[in-house]
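1. Following is a predicted model, sequence given first.
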Amino acid sequence: MAFDRQQVEWFIYNEAQLMDEHRYDEWLALWSDDALYWVPSGRDEIDPKREISLVYDDRVRLQVRIARLKSGFAHAQEPKSRMRRVVSNIVIEETENGELLVQSNFLLAELRRGKQDIFAGRTIHRLRPYNGSFKLVSKKVLLVNNDEHIDNLTFLI
Amino acid sequence: MLSRQDIDYDALVKEDRVHLSLYTDPTIFTDEMDKIFHRGWVYVGHQGEVPNQGDFRLKRIGLQPVIMVRDQHGHVQLLLNRCRHRSATVCQQGQGNTRSFRCMYHGWTYHLDGELSGVPGEEAYGSDFNRKELSLVKVPRVANYRGFIFGSLSPAGITLEEHLGRAAAELDLFVGLSNAEDVEVTSGIHKYSYQGNWKLAAENSMDGYHPMITHASFGQALMDKIQNSPSPEQSRADRDFSTFRGAAKDFGNGHVMLDYRLRIYDSLNGDPTPAVRTITPEGQTRFDELTRRFGEQRAANMLREGGTHTFIFPNLILIGIQMRVLQPLSASHTEVCLYPTLLKWLAPEVNTIRLRSHEAFFGAASFGGPDDSEIFERVQDGCAVQLEPWQILSRGLHRERYEDGVIIGEMSDEVTQRGIWRHWKKVMTQGTATARTARKRTGNGLAGKRG
């Protein structure tokens, strides 16, 4: 199946905007039931069965993450981060089962309690064609600073 | 600003309250680095972090950079990270494996055990130049308790066993009664920092009063899970947490703990929680021993999610499956490293659930720890207030019990904070030759009052 590059880019940009604007329910609705939201810790390639990650959410934990952020008691996001990110360098690859592997770079400015931080990294999205658009099957975020002291990563990255 | 000699710690640390300057004053910070971190026993690392010859990790004792390395003879060495020539650090990476340490200023090279092995152009030195006297400086006292390696920059003092006292048994439980070499500490490190005093993290780690408020979002997620739980057993375990039964304990020497029954971090996982399975006969023996002492359910819970909840003065915290190390940088800046552990004798799926349990509550993107850090920064902000500048630590003071050398209170009592501060004051006033402190320093300030 040939893919429509513009449609893929729109999906990625839209996901970025939903994260920037804390539109949690809309963001959660992008995901498939077999979701994996993964941010490795320490370095990019780790064995999650034997090494810790910053985020390793299956569908259940993803729902808990969102419920927590919406609870009003997630103090590390009260007040919430102000965020804007740029997503670029998009490379799309079609896999054998018809899903798309989309690699992209991001640069995020995050401001909270008077302090602005810069986060950068490479994201690998796996998209499954669904109903004329896509479901987000997995997302692996390779942070430039995944081996450094990170104070607060409770927003969506 | 006060000079160090002028600080009256007796006036700043009361039994039921402590003064806010203890969290903010740079002079007091310098004094506690000197008296606590640069003299006493400090936790440095676990031998499981450097399993092979040449493995090293960069550490600090107080503010001083230290290399923890497995040397050419298989011994774990603690070497101060400074070339003896012109003082550049000789090891740069946080962790790795090497055959030697080389200073890249003038090329002085050291064996893994610190001995100076090469000096470019050595003939230019006089006949009194002696390589043997110019090894990397070793931490004067190093002691290993079941794989936990402590160092003291003071050549004399009490032994590590004397320092740990009754708290040593909690280190045993943390590793599921394992031998030192059965503990794996190669599963990565969660690193974070906060703009606040190091003692805020120490006090908070053993605070049984805060979870229902600070961690309300986690509690709410648990309650949702309970309501939707298909498993009555899991539901019961979750509720045990929500009522948070147990005791707060003060072992003395600044070591304190929250002694509670069950943990629940892994209940936020989508996969079913695996039964504990061991893969060696020795491991089965350990599991059987825990079962005999604590019952089957709690023994299994201890191995999946951690066996104790203890603070070892001044910088080691054992919670869940992690060793947490506090690194003070200034009065208002602290770095924290979390080292998750695996046990070699546990089945792989059990070790994996240990990691998933940890990630639920700990680390910069988790559902627990970041809310604590947020509170630390709010406290540090609040400590700028100079009117009525006291933290109140009197909760449960009237109902403390004293059993077999241990002070015991209800889970939410501030027994633990008082225990940390009591020892902190003792260390900070040691060697202060004023009549005032000498009069009050009878025993450990504890036995005299209650014993």
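-> Received it, and whenever you're ready, just let me know what you need.
2. Which secondary structure elements does the longest helix along chain A sit against?
-> Longest helix in chain A, counting residues (DSSP state H): helix A:5-20. Packed against helix A:5-20 by the contact rule (3 or more Cβ pairs under 8 Å, 6 or more residues apart in numbering or on different chains; DSSP states H and E) you find helix A:24-28, strand A:82-94, strand A:100-112, strand A:115-130, strand A:133-143. (Glycine included, C-beta is placed from N, CA and C.)
3. gap between that helix and the chain center?
-> Centroid separation for helix A:5-20 versus its chain: 11 Å, with Cα atoms, centre = their mean, to the nearest Å.
4. what angle sits between that helix and strand A:115-130?
-> 140 degrees (axes from the mean of the first three to the mean of the last three Cα atoms, to 10 degrees).
5. taking the mean pLDDT, what do you get for helix A:5-20?
-> Mean pLDDT, helix A:5-20: 98.
6. Could you count how many residues lie near residue 132?
-> This is for chain A. For A:Gly132, the count of nearby residues is 6 (other Cβ atoms under 10 Å in any protein chain shown).
7. actually chain B
-> Neighbour count of B:Lys132, defined by other Cβ under 10 Å: 7.
8. That one looks like it's in a helix, true?
-> Yes. B:Lys132 forms part of a helix when assessed by DSSP: H, G, I helix; E, B strand; the rest coil.
9. and it, what does it touch?
-> B:Lys132 makes contact with B:Glu115, B:Leu116, according to Cβ atoms under 8 Å, 6 or more residues apart in numbering or on different chains.
10. And A:Arg65, how far from chain B?
-> 7 Å (Cβ to the nearest Cβ, to the nearest Å).
11. Just to check, that residue is in contact with B:Phe367?
-> Yes. Contact criterion Cβ atoms under 8 Å: A:Arg65 and B:Phe367 qualify, at 7.1 Å.
12. neighbour count winner among the two?
-> Shown here are A:Arg65 and B:Phe367; by other Cβ under 10 Å, B:Phe367 has more neighbours (27 against 24).
13. picking that back up, mean neighbour count, the helices and strands packed on helix A:5-20: which tops it?
-> Most buried of the helices and strands packed on helix A:5-20, by mean neighbour count (mean count of other Cβ atoms under 10 Å in any protein chain shown): strand A:133-143, with a mean of 20.
14. can that strand be found next to chain B?
-> No. Strand A:133-143 is not in contact with chain B by Cβ under 8 Å from any Cβ of the partner chain; minimum separation 9.9 Å.
15. Report the mean confidence score over that strand.
-> 98.
16. If we go by neighbour counts, what in stretch B:348-362 is buried?
-> B:350-362 (16 or more other Cβ atoms under 10 Å in any protein chain shown).
17. same deal with stretch A:31-46?
-> A:Trp31, A:Ser32, A:Ala35, A:Leu36, A:Tyr37, A:Trp38, A:Val39, A:Pro40, A:Ser41, A:Gly42, A:Ile46.
18. Format those as TSV; extra columns: distance to chain B and pLDDT.
-> Formatted as TSV, these follow (distance: Cβ to the nearest Cβ, whole Å; pLDDT from 0 to 100):
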residue	distance to chain B	pLDDT
A:Trp31	13	98
A:Ser32	13	98
A:Ala35	9	97
A:Leu36	10	98
A:Tyr37	10	98
A:Trp38	11	98
A:Val39	6	98
A:Pro40	9	98
A:Ser41	5	98
A:Gly42	4	97
A:Ile46	7	98
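19. In these, find the pair that's most separated.
-> A:Ser32 and A:Gly42 (27.3 Å; Cβ to Cβ).
20. Pull up the residues of chain A that are close to chain B.
-> A:39, A:41-42, A:46, A:48-56, A:58-61, A:64-65, A:67-68, A:71-76, A:78, A:113, A:147-154, A:157.
21. What about those residues, which are in strands?
-> A:Val39, A:Ser53, A:Leu54, A:Val55, A:Tyr56 (DSSP state E).
22. Let me see the contact set for the first one.
-> I take that to be A:Val39. A:Ser53, A:Leu54, A:Val55, A:Tyr56, A:Lys140, A:Val141, A:Leu143, A:Asn146, A:Leu153, A:Ile157, B:Ala365.
23. can I assume B:Thr27 is in contact with B:Leu12?
-> No. With contact defined as Cβ under 8 Å, B:Thr27 and B:Leu12 do not form a contacting pair (12.0 Å).
24. So those two - more neighbours on which side?
-> B:Leu12 (20 against 15).
25. The more buried one: what's it in contact with?
-> Applying Cβ under 8 Å, 6+ apart, the residues near B:Leu12 are B:Val18, B:His19, B:Ser21, B:Leu22.
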